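Asks: quick one, what's the 3D model for this:
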Amino acid sequence: MFIFIFLLLAVLCGLGLVIHFALDKKVIYKDLKGKHVVITGGSSGIGKAAAVEAARLGAHVTVIGRDVTKLTEAVTAVTAACIDKTSQKIQHAALDVTSDYKVIEECLSSLEKKVGPIFMLVNCAGMCICGQFDKMKVEDIKQMIDLNYFGTAYPTRWVLPGMKERNEGLIVFVSSEAALVGIYGYSAYSAGKWAVRGLAESVNMELVGTGVRLMVAFPPDTDTPGLKNEELTKPEETKLISGTAGLHSADDVGKQMIHDALVGKTYSVYSISGTLLTTLFGGTIENAKQVVLQVVSMGFLRIVMVGILLSFHNIVRDGLKKKNSVKNK
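Replies: Reported below is the predicted structural model:
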């Protein structure tokens with residue numbers, strides 16, 4: 001038994017060392033002072049909170065959204081957080097990130113001419129309409145894919161060449177815990193967020209050997225205007241399942257997101273469920289510690305996850321029983 005434990009520890013140590021020396025050294029940025037940060041979906045919720053935190057760190061901030069009134073209010077809040085109100089540039093740009101790529105290209109190019117190269121892009125624009133897939137409006141499915149996926153892919157596609165040429169930059173993809181496990185009522189939404197995760201992990205590998213870093217965030221239910229709209233279409237089963245991760249503050253999520261990106265994290269998670277899901281299903285190698293933890297804990301965590309999934313299935317079955325009993329009355 002002693003020999004087995006010794007060999008296991010030796011293998012784990014060897015694995016950790018191989019990963020440590022094989023991976024690129026993390027690029028850690030101390031702050032954002034004087035850097036240009038662009039945040040889509042920055043007029044409210046997590047995006048607005050991230051914009052405020054970027055301003056607190058000395059960044060020039062551009063918030064992007066569609067509602068000019070909300071954007072103006074966001075600029076006021078972000079400006080109030082500036083550490084140097086005379087030198088920091090805070091502005092907004094009215095843009096629909098589901099527009100034709102040429103429109104997005106023109107907008108971002110104009111922003112760089114006004115403020116300077118985009119150092120950090122936070123792709124926060126997104127939305128969720130819940131429902132059983134076969135009962136959803138086709139136009140709602142397309143709207144979510146357009147905003148959640150293309151609204152992230154297009155701005156990222158534009159900033160990448162410049163960042164690579166300057167050999168510096170940060171890109172944040174805001175995905176969801178629903179991109180790590182399929183959940184009742186989130187079928188169309190999850191599809192778009194899984195696509196965001198797939199894009200993030202693929203582009204992250206394409207950035208190996210460069211000074212550009214990409215992070216994907218997996219927020220659970222967060223207290224935002226978007227969540228309030230989501231609740232209007234959310235089935236009872238979905239409410240019970242998603243509620244298991246608790247409700248998080250937009251300010252806390254937005255702030256942590258900015259700081260996680262600065263210290264070079266690949267994943268940003270905000271709950272126990274997020275840690276569990278990214279450990280089990282994450283597709284990137286962040287560091288040696290992450291991999292060793294996965295090797296040691298995978299079997300146990302999988303058992304835990306199976307138990308959680310079975311409890312979700314029971315919630316769906318109970319909901320079906322209630323619906324059938326109402327029909328039979």
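Asks: quick one: which helix or strand includes the closest residue in space to Ala93 that isn't next to it in sequence?
Replies: Using CB to CB, 6 or more residues apart in numbering and skipping residues adjacent in sequence, the residue nearest Ala93 is Ile64, 5.0 Å away. No exception for glycine: its C-beta is placed from N, CA and C like everyone else's. Assigned by DSSP states H and E, Ile64 belongs to strand 60-65.
Asks: that strand: partners in the sheet, and parallel or antiparallel?
Replies: Using DSSP bridges, the strands paired with strand 60-65 are strand 36-40 (parallel), strand 90-94 (parallel).
Asks: what sits up against the following helix or strand past that strand?
Replies: Where DSSP H and E defines the elements, the next helix or strand beyond strand 60-65 is helix 68-80. Residues outside helix 68-80 that contact it (CB atoms under 8 Å, 6 or more residues apart in numbering): 42-44, 48, 51-52, 54-55, 61, 63-65, 85, 88, 90-94.
Asks: can you rerun that using 7 Å?
Replies: 42-44, 48, 51-52, 55, 61, 63, 65, 85, 90-92, 94 (CB atoms under 7 Å, 6 or more residues apart in numbering).
Asks: those: which two are farthest apart?
Replies: Lys85 and Ala94 (23.3 Å; CB to CB).
Asks: relative to Thr266, which of the strands paired with strand 60-65 is closest?
Replies: strand 36-40 (19.3 Å).
Asks: okay, angle between the closest one and helix 68-80 too, please.
Replies: 150 degrees (axes from the mean of the first three to the mean of the last three CA atoms, to 10 degrees).
Asks: could I get strand 36-40 in PDB with only the CA atoms?
Replies: In PDB, the C-alpha atoms belonging to strand 36-40 read as follows (Å, rounded to 0.1, in the frame of the first residue of the first chain):
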ATOM      1  CA  HIS A  36      -8.600  51.100 -23.400                       C
ATOM      2  CA  VAL A  37     -11.300  48.600 -22.200                       C
ATOM      3  CA  VAL A  38     -14.300  48.000 -24.400                       C
ATOM      4  CA  ILE A  39     -17.300  46.200 -22.900                       C
ATOM      5  CA  THR A  40     -20.300  45.000 -25.000                       C
END
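Asks: how about Tyr184, secondary structure?
Replies: coil (DSSP: H, G, I helix; E, B strand; the rest coil).
Asks: next one: it, what pLDDT does it get?
Replies: For Tyr184, the model assigns a pLDDT of 90.
Asks: how near is it to Lys322?
Replies: Taking CB to CB, to the nearest Å as the measure, Tyr184 falls 14 Å from Lys322.
Asks: cool, and Gly45?
Replies: 32 Å.
Asks: out of these two, which sits in the busier spot?
Replies: Higher neighbour count among Gly45 and Lys322: Gly45, with 24 against 12, using other CB atoms under 10 Å.
Asks: including mean pLDDT, mean neighbour count and distance to Ala81, could the strands paired with strand 60-65 go into TSV?
Replies: Supplementary listing: those in TSV, determined by pLDDT from 0 to 100; neighbours: other CB atoms under 10 Å; distance: least, CB to CB, whole Å:
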stretch	mean pLDDT	mean neighbour count	distance to Ala81
strand 36-40	98	26	12
strand 90-94	96	18	9
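Asks: can I get those in a markdown table with distance to Val172?
Replies: Shown next, in a markdown table, are these (distance: least, CB to CB, whole Å):
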| stretch | distance to Val172 |
| --- | --- |
| strand 36-40 | 9 |
| strand 90-94 | 18 |
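Asks: wait, which of those strands is closest to Leu170?
Replies: strand 36-40 (8.6 Å).
Asks: residues making contact with the closest one?
Replies: 47, 50-51, 54, 59-64, 97, 111, 115-125, 151, 155.
Asks: out of those residues, which are buried?
Replies: 47, 50-51, 54, 59-64, 97, 111, 115, 118-125, 151, 155 (16 or more other CB atoms under 10 Å).
Asks: can you give me the helices in this protein?
Replies: All helices of the chain, identified by DSSP state H, fall at 2-22, 45-56, 68-80, 101-115, 138-145, 151-166, 187-206, 225-231, 236-242, 250-262, 272-281, 288-328.
Asks: tell me the contacts of the residue nearest to Ala93?
Replies: Taking CB under 7 Å, 6+ apart, one finds Val38, Ile39, Thr40, Gly42, Ala93, Leu95, Val97 in contact with Ile64.
Asks: also Thr98?
Replies: Neighbouring residues of Thr98 by CB under 7 Å, 6+ apart: Asp146, Leu147, Phe150, Gly151.
Asks: distance of the last one from Asn324?
Replies: Pointing back at Gly151 there. According to CB to CB, Gly151 and Asn324 sit 39 Å apart.
Asks: if we can go back for a sec, for the residue nearest to Ala93, give the beta-bridge partners.
Replies: Thr40, Ala93.
Asks: my read: Glu237 touches Tyr186, true?
Replies: No. Glu237 is beyond contact range of Tyr186, at 10.5 Å (criterion: CB atoms under 7 Å).
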